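Colleague: just to be clear, the model below is a prediction. Sequence and coordinates:
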Amino acid sequence: MNTLYKLGWSHFFESSLSSEEKQNMTIGRVSTVNKSNCIVIHENGIKTCELAGNLMFGLEENEKPKTGDWVLFLDYGDLGIISKVLPRYNCLSRQKSGKEIAAQIIASNIDYAVVVQCLEIGLNLRRLERTIVQLQNCNIQAIVLINKTDLPIDNEQQEIMNFMIDTYQAIPISANIGSNLNLLKDMILTGKSYVFIGASGVGKSSIINSLQEGDDLKTGEISQSTMKGAHTTTSRDLYILKNGGLVIDTPGTREFGLTAPGSESGSSGFHGINELAKGCKFHNCTHTNEKGCKVLKAVKAENISEDEYESFMRLNREMEHYESSLQDRKQKGKKLSKIIKNMKKSGYKS
């Protein structure tokens, strides 16, 4: 079991297993999800596994194995058959792109998300706020990195960088010359899982290569015409570092569409607003027109910028829209199930 604990195994997962499952099944963690199979790391190595038929056709998309999931599989030599996906401690998700209101799981069972921005593309405070809010919704702690600090910086970007360092304890690094990488290495712990997220070209793979002290991941150059990076990472892959930590590299993403599991407040990504909101007269203050609202008072006194306030309100509206759309879809599903049930009772046959 020592190997499993190094892969992130804990009592939380242990408690979901029966004695029969422990005896007859092999426990493993999904490192990569392909179109037709998964790569699973287990105590004795790595196994290519396929889903059992009842899981393939009986599970919703988000219930199927994702990178970081723990699974049980039957070992048939060259191939394994996954028979169960264990309950998740948490998962990193975002709203699907397009018109559909639904969450897309990126990775699961994550301890920390390493949020990377860089000077070459430009620091974006609004994007960072959005990401921090979503991580709070997913119960994942953030580590913020500012990469490529060996490059020249103008006054505006310097001001943003200082704010990120002061507010989010962002770590300025350079994967290119190795500056401050020791600060990040000290935060990587054996058995803990770290997912790297950020736009294409910010240097996620280069940073992981530096942590691994090798050159295992593909990296790409920044396009000078678009200031965007090449999409060199095309899948979500879990790697075991030499020091025992586990990292998941992800394809570049511009933004995270927010998903709210309940009545979570978007103030979590705005440290100044978060503290002020605690002092509002009403506990359910919407920070729009209430008397005794500390947030509105701070905006009026210019202690909080209009940009930050508008970003805060916009993200809250987005989460409320997601939540209401989700509830509406659930209600429609319940009505449809009731209609089908009544039709079966009446003896209807298609």
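Modeller: Great, that's in hand.
Colleague: from here on, contacts and neighbour counts on C-alpha atoms
Modeller: Noted.
Colleague: list the contacts of the residue nearest to residue 28 when sequence neighbours are not counted.
Modeller: Nearest non-adjacent residue to residue 28, counting by CA to CA, 6 or more residues apart in numbering: residue 42, 4.3 Å away. Contact analysis of residue 42 by CA atoms under 8 Å, 6 or more residues apart in numbering lists 3, 4, 26, 27, 28, 29.
Colleague: ok, and the closest non-adjacent residue to residue 48?
Modeller: Distance criterion CA to CA, 6+ apart; nearest residue to residue 48, sequence neighbours excluded, is residue 39 at 4.7 Å.
Colleague: for residue 27, that is, sorry about that
Modeller: Once flanking residues are discounted, residue 27 sits nearest to residue 72: 4.8 Å by CA to CA, 6+ apart.
Colleague: what's the answer for residue 24, then?
Modeller: Closest to residue 24 by CA to CA, 6+ apart is residue 74, at 7.9 Å.
Colleague: helix, strand or coil for the one you found?
Modeller: strand (DSSP: H, G, I helix; E, B strand; the rest coil).
Colleague: the helices in the stretch 201-350 of the chain, which residues?
Modeller: Applying DSSP state H, counting those that start in this stretch to the stretch 201-350 of the chain gives helices spanning 204-212, 271-277, 294-300, 306-345.
Colleague: mean pLDDT lowest for which of the ones you listed?
Modeller: Here the lowest mean pLDDT among the helices of the stretch 201-350 of the chain goes to helix 306-345, at a mean of 65.
Colleague: list the residues that contact residue 65.
Modeller: Residue 65 neighbours (CA under 8 Å, 6+ apart): 30, 33, 38, 71, 85.
Colleague: look up phi and psi at the last one.
Modeller: I take that to be residue 85. Dihedral angles of residue 85 (phi, psi; degrees, to the nearest 10) stand at phi -100, psi 120.
Colleague: tally of neighbours for it?
Modeller: Neighbours of residue 85 under the rule other CA atoms under 10 Å: 20.
Colleague: now do the contacts for it.
Modeller: With CA under 8 Å, 6+ apart, residue 85 has these contacts: 63, 64, 65, 69, 70, 71, 72.
Colleague: of these, which belong to strands?
Modeller: Using DSSP state E, 70, 71, 72 are the members of the contacts of residue 85 that sit in strands.
Colleague: any idea how far the first one lies from residue 192?
Modeller: Pointing back at residue 70 there. Per CA to CA, to the nearest Å, residue 70 is found 14 Å from residue 192.
Colleague: out of those two, which sits in the busier spot?
Modeller: Neighbours per residue (other CA under 10 Å) separate residue 70 from residue 192, with residue 70 holding more: 27 against 20.
Colleague: confidence score at the more buried one?
Modeller: 98.
Colleague: tell me the SS of the residue lying closest to it once chain neighbours are set aside?
Modeller: Using CA to CA, 6+ apart and skipping residues adjacent in sequence, the residue nearest residue 70 is residue 29, 4.4 Å away. Classification of residue 29 using three-state DSSP returns strand.
Colleague: right, and residue 29 touches residue 73 too?
Modeller: No - applying CA atoms under 8 Å as the test, residue 29 and residue 73 come out as separate, 10.3 Å apart.
Colleague: return the set of residues that bridge with residue 38.
Modeller: Following DSSP bridges, residue 38 is listed with bridge partners residue 33, residue 49.
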